[in-house]
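Enquirer: no letters, just coordinates:
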């Protein structure tokens, strides 16, 4: 995910590397934005480039092809690694906090794009399969006790709902609160799915 | 919502009335289906009629205009009345059970269409405003105690997330369970938002 793409320069300097990462992030954000609003088949590379403020050839340089770009956007691998990156006893808090800070501060979307699956027809199946394997099953494999798979689905459900209420419905009470405070209120229910009793 | 539209017949018989209701329900389902997949501006009356298996004039007869049809689809009034129709002490169970049975058995969607707000640009604002007023605020007004507005947002968040996990991501463990069993497992967390402590 963070491999540099040096282009014509032989030595990648710090600032150039940061520029490349910032450009790739802008392209990713643009593609995700469009995927929440248009069917996969209707999105052109040119539209992604335009929204990201770069040229279409630059998108190709960084991602190879439209298909490769969207394969990456439709993967949850990197996001799952980040949102699940905490010890089990503090995982509920971490998941809630990571979701909200990503949405609020980075305009990113660790998991919420699963809700747009119906929009993408056959690509929606890819999105669903990735989500179930890379996020939910991966979480379930970490949980001890009976019903681990079910409890993982319930925990991720609660997280998705918070993401919708905060980022899409924009509930005014949640929006008025600081993220650590929301985490205090909401995370215990998520944690109770992860480590019940 | 249930006013009959007799058309050329003077006396509406039982079966004719049921036909009218079934046709209106088919048109509503078709419009909701399309709203999860296309921007509001791109959906034609003809596409709605085609998907519902009726003629465009019949859509106009029942709903008046495309704008009137979509105004009704974007309203949560009737759905909120149904999903909130239980005494407070059993409301968590009722909300969960009603959501899942509606999604699973009637192909209906009491509240989940809020997730498609980004797709609809300026109409997304209508959807958001309706959702916050007709569903979340209405629930909050029924809750006793401090933080009623916040707790209503949290309860609806949990419900939305379950709807996404069950209806869109289609988590295999949830899909393998009977709805009353899911209700037993998931509703206590929703109820704890409604009536904490």
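Expert: Sure thing, it's come through. As the structure is a prediction and not an experimental result, all values here were calculated from the model.
Enquirer: residue of chain A with the smallest distance to chain B?
Expert: For chain A, the residue closest to chain B is residue A:161, as judged by C-beta to the nearest C-beta, at 2.4 Å. Using the backbone N, CA and C atoms, a C-beta is placed for each residue, glycine as well.
Enquirer: wait, that residue touches residue B:164, no?
Expert: Yes - in this structure, residue A:161 is within contact of residue B:164 by C-beta atoms under 8 Å, at 6.9 Å.
Enquirer: list the residues that contact the residue of chain A closest to chain B.
Expert: Going by C-beta atoms under 8 Å, 6 or more residues apart in numbering or on different chains, residue A:161 touches B:156-164.
Enquirer: if we go to 7 Å?
Expert: B:157-162, B:164 (C-beta atoms under 7 Å, 6 or more residues apart in numbering or on different chains).
Enquirer: which among those gets closest to chain A?
Expert: residue B:161 (2.4 Å).
Enquirer: what sits against the nearest residue to residue A:127 once chain neighbours are set aside?
Expert: Among residues not flanking residue A:127 along the chain, residue A:117 sits closest, at 4.7 Å (C-beta to C-beta, 6 or more residues apart in numbering or on different chains). Applying C-beta under 7 Å, 6+ apart to residue A:117 gives the contacts A:124, A:127-128, B:168.
Enquirer: neighbours of residue A:102, just the number please.
Expert: Neighbour count for residue A:102, taken as other C-beta atoms under 10 Å in any protein chain shown: 20.
Enquirer: ok, residue A:21 next?
Expert: By other C-beta under 10 Å, the residues close to residue A:21 number 14.
Enquirer: same check on residue A:146?
Expert: Using other C-beta under 10 Å, the number of residues around residue A:146 comes to 9.
Enquirer: mind checking pLDDT for it?
Expert: You'll see residue A:146 listed with a pLDDT of 88.
Enquirer: ok, residue A:42 next?
Expert: 86.
Enquirer: how many other residues sit next to it?
Expert: For residue A:42, using other C-beta under 10 Å, the count is 12.
Enquirer: so how far is residue A:183 from the closest residue to residue A:86 other than its chain neighbours?
Expert: Once flanking residues are discounted, residue A:86 sits nearest to residue A:94: 3.5 Å by C-beta to C-beta, 6+ apart. The gap separating residue A:94 from residue A:183 is 9 Å, by C-beta to C-beta, to the nearest Å.
Enquirer: neighbour count winner among those two?
Expert: Set side by side, residue A:94 and residue A:183 show more neighbours around residue A:183, with 23 against 20, by other C-beta under 10 Å.
Enquirer: now the more buried one: which helix or strand?
Expert: Per DSSP states H and E: residue A:183 is located in helix A:179-194.
Enquirer: can that helix be found next to chain B?
Expert: Yes - using C-beta under 7 Å from any C-beta of the partner chain, we find that helix A:179-194 touches chain B at A:185-186, A:189.
Enquirer: including distance to residue A:142, could the residues you listed go into JSON lines?
Expert: Formatted as JSON lines, the residues of helix A:179-194 next to chain B follow (distance: C-beta to C-beta, whole Å):
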{"residue": "A:185", "distance to residue A:142": "24"}
{"residue": "A:186", "distance to residue A:142": "20"}
{"residue": "A:189", "distance to residue A:142": "18"}
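Enquirer: of these - the most surrounded one?
Expert: The residue in those with the most neighbours, by other C-beta under 10 Å, is residue A:186 (30 neighbours).
Enquirer: what's the nearest residue to that one if we skip its chain neighbours?
Expert: Nearest residue to residue A:186, sequence neighbours excluded (C-beta to C-beta, 6+ apart): residue A:96, at 5.4 Å.
Enquirer: would you map the strands across chain A?
Expert: Taking DSSP state E as the criterion, chain A contains no strands.
Enquirer: now the residue of chain A closest to chain B. Nearest residue, chain neighbours left out?
Expert: Nearest to residue A:161 is residue B:161, by C-beta to C-beta, 6+ apart, at 2.4 Å.
Enquirer: which helix or strand in chain A has the lowest average pLDDT?
Expert: Least confident helix or strand of chain A, by mean pLDDT, DSSP states H and E, is helix A:14-35 with a mean of 84.
Enquirer: can you list contacts of that helix?
Expert: A:2, A:4-5, A:9, A:43, A:47-48, A:51-54, A:58-59, A:62-63, A:69-70, A:73, A:107, A:109, A:113, A:116.
Enquirer: drop anything exposed from those.
Expert: The neighbour count (16 or more other C-beta atoms under 10 Å in any protein chain shown) marks A:43, A:48, A:51-52, A:54, A:58-59, A:62-63, A:69-70, A:73, A:109, A:113, A:116 as buried among these.
Enquirer: identify the farthest-apart pair in these.
Expert: Pairwise distances among the buried ones among the contacts of helix A:14-35 were taken by C-beta to C-beta; the largest, 25.4 Å, belongs to A:58 and A:116.
Enquirer: on that earlier part again, the residue nearest to residue A:86 is in contact with residue A:88, isn't it?
Expert: No - using C-beta atoms under 7 Å, residue A:94 is not in contact with residue A:88; the gap is 10.0 Å.
Enquirer: re earlier: out of the buried ones among the contacts of helix A:14-35, who's near chain B?
Expert: Among those, no residue sits close to chain B (C-beta under 7 Å from any C-beta).
Enquirer: looking at pLDDT only, which of the residues you listed scores worst?
Expert: Lowest-confidence member of those: residue A:109, scoring 80 (pLDDT).
Enquirer: need the phi and psi values for that one.
Expert: Residue A:109 adopts backbone torsions of phi -150, psi 90, taken as degrees, to the nearest 10.
Enquirer: got any ranges where chain A has weak pLDDT?
Expert: Across chain A, the ranges flagged by pLDDT under 70 are A:1-15, A:18.
Enquirer: could you pull out the helices for it?
Expert: Under the criterion DSSP state H, helices of chain A are mapped to A:14-35, A:45-52, A:56-63, A:66-73, A:77-83, A:91-105, A:122-130, A:138-142, A:148-167, A:172-175, A:179-194.
Enquirer: pick the most deeply packed of the ones you listed.
Expert: The highest mean neighbour count among the helices of chain A, using mean count of other C-beta atoms under 10 Å in any protein chain shown, belongs to helix A:148-167: a mean of 25.
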